[in-house]
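Student: any chance you could fold what I've pasted below:
(4 chains)
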There are 4 protein chains.
Amino acid sequence: MNKIKVGIAGAAGYTGCELIRLLATHPQTEISWLMTGKTNEGKRLHEVFPHLRGVPERVFQPLEPASAEGADLVFMCTPHCVAVSIVPEFLEAGCKVIDVSADFRLKDPKAYEKWYQMTHTEPDLLEEAVYGLTELNRSRLPGARIVANPGCYPTDSILALAPVLQEGLAHLDSIVIDAKSGVSGAGRSLNLRTHFSETTEDLQAYNPAKHRHIPEIEQEVSLLAGQKTSVTFVPHLIPMIRGMLVTVYCKPTRETDTKELTDLYKAFYDQEPFVDVLTDGELPRTKNVWGTNRCEIAVQYDPRSSTILIVSVIDNLVKGASGQAVQNMNVVFELPEPSGLESLALYP
Amino acid sequence: MNKIKVGIAGAAGYTGCELIRLLATHPQTEISWLMTGKTNEGKRLHEVFPHLRGVPERVFQPLEPASAEGADLVFMCTPHCVAVSIVPEFLEAGCKVIDVSADFRLKDPKAYEKWYQMTHTEPDLLEEAVYGLTELNRSRLPGARIVANPGCYPTDSILALAPVLQEGLAHLDSIVIDAKSGVSGAGRSLNLRTHFSETTEDLQAYNPAKHRHIPEIEQEVSLLAGQKTSVTFVPHLIPMIRGMLVTVYCKPTRETDTKELTDLYKAFYDQEPFVDVLTDGELPRTKNVWGTNRCEIAVQYDPRSSTILIVSVIDNLVKGASGQAVQNMNVVFELPEPSGLESLALYP
Amino acid sequence: MNKIKVGIAGAAGYTGCELIRLLATHPQTEISWLMTGKTNEGKRLHEVFPHLRGVPERVFQPLEPASAEGADLVFMCTPHCVAVSIVPEFLEAGCKVIDVSADFRLKDPKAYEKWYQMTHTEPDLLEEAVYGLTELNRSRLPGARIVANPGCYPTDSILALAPVLQEGLAHLDSIVIDAKSGVSGAGRSLNLRTHFSETTEDLQAYNPAKHRHIPEIEQEVSLLAGQKTSVTFVPHLIPMIRGMLVTVYCKPTRETDTKELTDLYKAFYDQEPFVDVLTDGELPRTKNVWGTNRCEIAVQYDPRSSTILIVSVIDNLVKGASGQAVQNMNVVFELPEPSGLESLALYP
Amino acid sequence: MNKIKVGIAGAAGYTGCELIRLLATHPQTEISWLMTGKTNEGKRLHEVFPHLRGVPERVFQPLEPASAEGADLVFMCTPHCVAVSIVPEFLEAGCKVIDVSADFRLKDPKAYEKWYQMTHTEPDLLEEAVYGLTELNRSRLPGARIVANPGCYPTDSILALAPVLQEGLAHLDSIVIDAKSGVSGAGRSLNLRTHFSETTEDLQAYNPAKHRHIPEIEQEVSLLAGQKTSVTFVPHLIPMIRGMLVTVYCKPTRETDTKELTDLYKAFYDQEPFVDVLTDGELPRTKNVWGTNRCEIAVQYDPRSSTILIVSVIDNLVKGASGQAVQNMNVVFELPEPSGLESLALYP
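Tutor: Alright, predicted model coming up:
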């Protein structure tokens, strides 16, 4: 079989270089080109990312679809509001697209306009795009032309909530998602909030109840619940590079216990190559999934306060971004789903 | 005025050395003796804590009340279940006691027995002990013989909740406290969980719904609410040395908004020297209170999910332990409350 | 005695806010004004530095000496090449100046021109300025009009070398200084090198043999040695906020051993309030001096390779910058040298 | 070709689990058994190392060679002084051995006795063992029965020094190696020095001129130099998990410059799959080699102080331990040298 020719647009950020890392050892892909914005165009890959010396040198091209030749698939790792204007050209040129940015995630163009302050110019593509939370939408992916790769917080939160929502076990009016993310989620752009001396030995909540991943979470939660549902979502910045943990709190709609909940989750994710449901009181740690596409989930019932507790961890740059993009590519092209994603967590 | 003669029992741990740091520059105290358990008894202070070279050298004595001479006040920084057996001797010898450990916090001896697996042998002292969350119980402190210094999580959580509870603004059946603590809260004893390579770049929940600070939080929440109340409490270990942040979620009992809530908190803590209520969307950061006895709180209303959000930060070793102990001492001995606690946060 | 009225120019960086922290609790100073460059002028202090909420609010003024009223002393915390053009105005207005920047450290204007690519316009002031490594130049400080506060690396390196150089014990042709600094030394300006995700879990040398602190170290080493001397100097960036450690290697000019060397250092620094010479194999740790003006030094002889080893640690923002500036102020104004610098290290 | 059957003795530490990680995805090995000491024997692999859930579950056996069946190769990851008593049994059973511990590195049994306080009972095996710094001893590895895998500091230091030593360019009486290591090098055993709150935001030298890697470095340096040579070696503990950087200082035996030195290093390591010599002023960073078997080296000449500067970085657990062990295995069994070691650095 011929290798899949892949282009990466917006390749000079953290999701871009993570994609290069994963694709460079993927047995069935070859990277055709890398594009990037003004800051890095014309620079050599090894200059911008010396840790990638192990892969062949190449040069970052400007972000111009017309100059992209011969790709079967384009990954968009651009900032939000960029993909929407470029993706149509790639599609017309016959490329498939996996958009790692936020531009095709919200089905409702009005929601996009509200949360991103921009009119969405491609409502038909919105309609067509498959929301690529692989575990939930696997059947719709093979052959898809455009995949909206989920955000990191939505990936972790929805994987945590899907089983109880589908089972109708959670009251829908009091779902709380307390989310914690490593700093790499904020990207490579400079900002006082991610300046080493400001972030180290610091802990803070940010954008409480206002983060742009909220409409994305609510869209999928509503689909799973079968009715429009709001959630409370507060993200926190944790002084570590990678890793994301969400702690979800919800009230049961009927009597339940830890055993029933765990069995439900075990059954739900039984066949999944990248989701592990923990048992016997074991709890997820982000370190267990460092650098991998895996998700660890534990669920418990707190009888004292009558609350269901769900803890779920991923690596925000892998399952939360570039790894899930590769997983989606594998399903779209009908390759073995774990291809290129077999490496184990780096520990300690 | 004569200086207060102070003894510290259990002085070789982190709360002990933090007390020494604070008392060494306090204008009205002098340290009479330091006691400690087997591991460090007989060692020199500068050997165990070279960072304290700036204070006079002395030797750690064994943990024997009989050998303690001339203290007006004893701070207990011992592990739980130690103070209960030693404190009576100190009281008989005429010392006042501020117990930084957990032994005199739970008014109900049965709760102590349930959560600490030990029968409490001093129920009368339990009755007598003032729960030293200074801001709430200030009036009962002057002259008190025994003060139960609150735990770090309870301090932060109760300061966050007190205004809405007192105002009757929070539904009592769905209070969620998602707590995050730096690693120093786990103390100086060696443990794989606090081994550098295991803890760095890691994030995990621990003891969800089972932490020993839960009955303490519920006792005080119930007092403030005027009825027995349960809370959901999940603590998380954050890869940083100091700092604690709690994010509290509750449902309002009536319509409210951010402005009303903020005004309520401003009014509630208006005269407090160590509590700052933030306004205009500003959010607390643990770095702002690093090394200080201060607490920063922000409150917001999330209209989309109809939820009150409260974020509160402290330094777990200062306001969450040794600093609050000094604050309580100041009030007990009717000194100016901020004495010895004026130093500013180390930043960055 | 009247309090000293102090102004701080360039007060919105890390050395500026560290000075404010130290001066705010200094018993004999009051801050008259804060000036800063374009980015922060007009902003409120608590907006830029919320950790300073404990001190009275004030506004950052633009960097204009003419608008500065009533200061007895100005601290310059500006970037290099700024002080040289502003300091004369402050001096004419009758203020004393302690320059925390690099502008008055190199006695030879040609050296300044070579290393800072700018002609020095105030050679007379260069001549007049006292190089404020307090321990070495204390006698020249009382009443001085202008003090050049040393750089962090020079402070740590020269304190490490002074005793062996003065004693003539070190060969001058093979002095190696391997220096390691926490990240706060790079300041608050944004840079990819100090971006959290790039710096955490990373270690690198930078500017080997080309750092601007080299001519400053060599100037003072040459004075101590009594002849022009070159040193090898390589700095490294360590993933921590504060703290600096230099490891110095030199060859002895005659037979020696650890005991003789330690005695020499003990004697040399015997009366110093801020320098501790360690004995009995104990080694310095940056954590022991975190947030303090102290320096810890240990010296050993390695008979196997015939080499003198000296290890010296400071807090780069305190003894390496703002703390030493306060120490110099105390000596200039003939106050007790430790005033305002008594706080102990924060630990752990 | 049949897969190589591999056993790992001492598999419950960091070098052990790193070996499992590398071998689990190696195309030509299969793990036959894992042995370990008392603490973890009988435990399940996923219990001790949940991050390895991606590999099949198995149980840690006690450390008994007799119970080891069917291994072609045994990796010894035991503490020093354990391998020496067990390796002979494995060899007699027909296994090859790669000893990741220190027991077969020092050719001179007296040096072993001096530095490890134990008489070496297998001098013949010492003689036979190939010192597995692959780049220098590649030709002697194919078919070798026993390989002494180098220590982390020696690996990094000798790779840094080999070219100048072989070329006779370095004076042998003043070689200084200032070494810095991440904390994982200290292993998984609990120790106050590696307790999170003690190590974070701390920097210290340890065992200056007394570290057990010194005789190993000197043995190989002497071989390269053609005469007995001492070096000055001071290691430092850096608050990060992985990564090692050595800064080497030496005096040239004749005139030289950066270009000549860089050309020498480029030529020396030209064919090496795992050593990159940097040019054009670029400097190594440990982050560039995080999780990989690569070494990055830069060399410069400092004309001001007439000193050759060499900076070299590795990942202490990979090229400094388990990765180099796999590299040696590949050469011993005449597999492609990079097999199982192709993964790229995790970044950021």
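Student: what does the stretch 51-200 of chain A put close to chain B?
Tutor: A:173-176, A:178, A:180, A:182, A:197-198, A:200 (Cβ under 8 Å from any Cβ of the partner chain). Heads up, the C-betas are built off the backbone N, CA and C, glycines and all.
Student: let's verify the residue in chain A that chain C sits nearest to: helix, strand, or coil?
Tutor: Relative to chain C, the nearest point of chain A is A:Leu190 (3.9 Å; Cβ to the nearest Cβ). The local conformation at A:Leu190, judged by DSSP: H, G, I helix; E, B strand; the rest coil, is coil.
Student: who are the neighbours in contact with the residue nearest to it when sequence neighbours are not counted?
Tutor: In this structure, A:Leu190 finds its nearest non-sequential neighbour in C:Leu190, 3.9 Å apart by Cβ to Cβ, 6 or more residues apart in numbering or on different chains. By Cβ atoms under 8 Å, 6 or more residues apart in numbering or on different chains, the residues touching C:Leu190 are A:190-192, A:195.
Student: narrow these to those that are buried.
Tutor: A:His195 (16 or more other Cβ atoms under 10 Å in any protein chain shown).
Student: mind giving me the domain ranges of chain A?
Tutor: As recorded under automatic domain parsing, the domains making up chain A are A:4-128, A:153-316.
Student: burial count for the residue lying closest to A:Thr134 once chain neighbours are set aside?
Tutor: Computed as Cβ to Cβ, 6+ apart, the closest residue to A:Thr134 that is not its neighbour in sequence is A:Gln327, at 5.0 Å. Using other Cβ atoms under 10 Å in any protein chain shown, A:Gln327 has 27 neighbouring residues.
Student: A:Pro27 too?
Tutor: A:Pro27: 9 neighbours (other Cβ under 10 Å).
Student: give me the distance between the two termini of stretch A:85-100.
Tutor: This stretch, stretch A:85-100, spans 14 Å end to end (Cα to Cα, to the nearest Å).
Student: err, stretch A:48-64, not the other one
Tutor: Stretch A:48-64 end-to-end distance (Cα to Cα) = 20 Å.
Student: ok, back up a step: separation between the residue of chain A closest to chain C and chain D?
Tutor: 13 Å (Cβ to the nearest Cβ, to the nearest Å).
Student: that residue and C:Arg188, how far apart?
Tutor: Separation of A:Leu190 from C:Arg188 (Cβ to Cβ, to the nearest Å): 12 Å.
Student: give me the element the residue nearest to A:Thr134 is part of.
Tutor: Element membership for A:Gln327 (DSSP states H and E) is helix A:323-332.
Student: return the distance of A:Gly70 relative to chain B.
Tutor: Taken as Cβ to the nearest Cβ, the span from A:Gly70 to chain B is 39 Å.
Student: pretty sure that residue contacts A:Lys5?
Tutor: Yes - A:Gly70 is within contact range of A:Lys5, at 5.5 Å (criterion: Cβ atoms under 8 Å).
Student: which one of the two has more residues nearby?
Tutor: The neighbour comparison of A:Gly70 against A:Lys5 (other Cβ under 10 Å) goes to A:Lys5, with 17 against 11.
Student: I figured that one hits A:Val74, correct?
Tutor: No - assessed by Cβ under 8 Å, A:Lys5 is found out of contact with A:Val74, at 9.9 Å.
Student: for chain A, what spans make up the strands?
Tutor: A:4-9, A:29-36, A:61-62, A:73-76, A:96-99, A:130-131, A:146-148, A:176-181, A:204-205, A:232-237, A:244-250, A:275-277, A:295-302, A:307-314 (DSSP state E).
Student: buried sites along the second one?
Tutor: Residues of strand A:29-36 classed as buried under the neighbour-count rule (16+ other Cβ under 10 Å) are A:29, A:31-36.
Student: out of these, who's near chain C?
Tutor: Near chain C, by the rule Cβ under 8 Å from any Cβ, you find none of the buried residues of strand A:29-36.
Student: and which of the residues you listed is nearest chain D?
Tutor: Nearest member of those to chain D, counting by Cβ to the nearest Cβ, is A:Ile31, at 12.7 Å.
Student: quick one, what contacts that closest one?
Tutor: Contacts of A:Ile31 by Cβ under 8 Å, 6+ apart are A:6-8, A:20, A:23-24, A:58.
Student: any idea how far it is from A:Lys5?
Tutor: In terms of Cβ to Cβ, A:Ile31 sits 8 Å off from A:Lys5.
Student: and what of A:Thr262?
Tutor: For A:Thr262 relative to A:Lys5 (Cβ to Cβ), the value is 44 Å.
Student: A:Leu203 too?
Tutor: 44 Å.
Student: what's the closest non-adjacent residue to A:Pro348?
Tutor: B:Ser197 (3.8 Å).
Student: quick one: that neighbour and D:Tyr14 touch, right?
Tutor: Yes - the pair B:Ser197 / D:Tyr14 is scored as a contact, 7.2 Å apart, by Cβ under 8 Å.
Student: what's the closest of the domains of chain A to D:Leu317?
Tutor: Set against D:Leu317 and scored by Cβ to Cβ, the domains of chain A come closest in domain A:153-316, at 13.6 Å.
Student: from the chain's centroid, how far away is that closest one?
Tutor: 13 Å (Cα atoms, centre = their mean, to the nearest Å).
Student: look at that domain and report the distance between its end residues.
Tutor: Span of domain A:153-316 from end to end, Cα to Cα: 8 Å.
Student: return the residues in contact with the residue of the stretch 51-200 of chain A found nearest chain D.
Tutor: Per Cβ to the nearest Cβ, A:His51 is where the stretch 51-200 of chain A lies closest to chain D, at 3.9 Å. Each residue near A:His51 by Cβ under 8 Å, 6+ apart is listed here: A:17, D:287-290, D:344-345, D:347.
Student: now the residues you listed as JSON lines including distance to chain C and neighbour count?
Tutor: Formatted as JSON lines, the contacts of A:His51 follow (distance: Cβ to the nearest Cβ, whole Å; neighbours: other Cβ atoms under 10 Å in any protein chain shown):
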{"residue": "A:Cys17", "distance to chain C": "11", "neighbour count": "26"}
{"residue": "D:Lys287", "distance to chain C": "4", "neighbour count": "27"}
{"residue": "D:Asn288", "distance to chain C": "9", "neighbour count": "26"}
{"residue": "D:Val289", "distance to chain C": "11", "neighbour count": "29"}
{"residue": "D:Trp290", "distance to chain C": "7", "neighbour count": "26"}
{"residue": "D:Leu344", "distance to chain C": "16", "neighbour count": "22"}
{"residue": "D:Ala345", "distance to chain C": "11", "neighbour count": "25"}
{"residue": "D:Tyr347", "distance to chain C": "9", "neighbour count": "25"}
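Student: out of those residues, who's near chain B?
Tutor: Of the contacts of A:His51, not one also sits near chain B (Cβ under 8 Å from any Cβ).
Student: mutual contacts of B:Ser197 and D:Tyr14, please.
Tutor: A:348, D:184, D:188.
Student: stretch A:330-343 near chain D anywhere?
Tutor: Yes - Stretch A:330-343 lies within reach of chain D by Cβ under 8 Å from any Cβ, at A:342-343.
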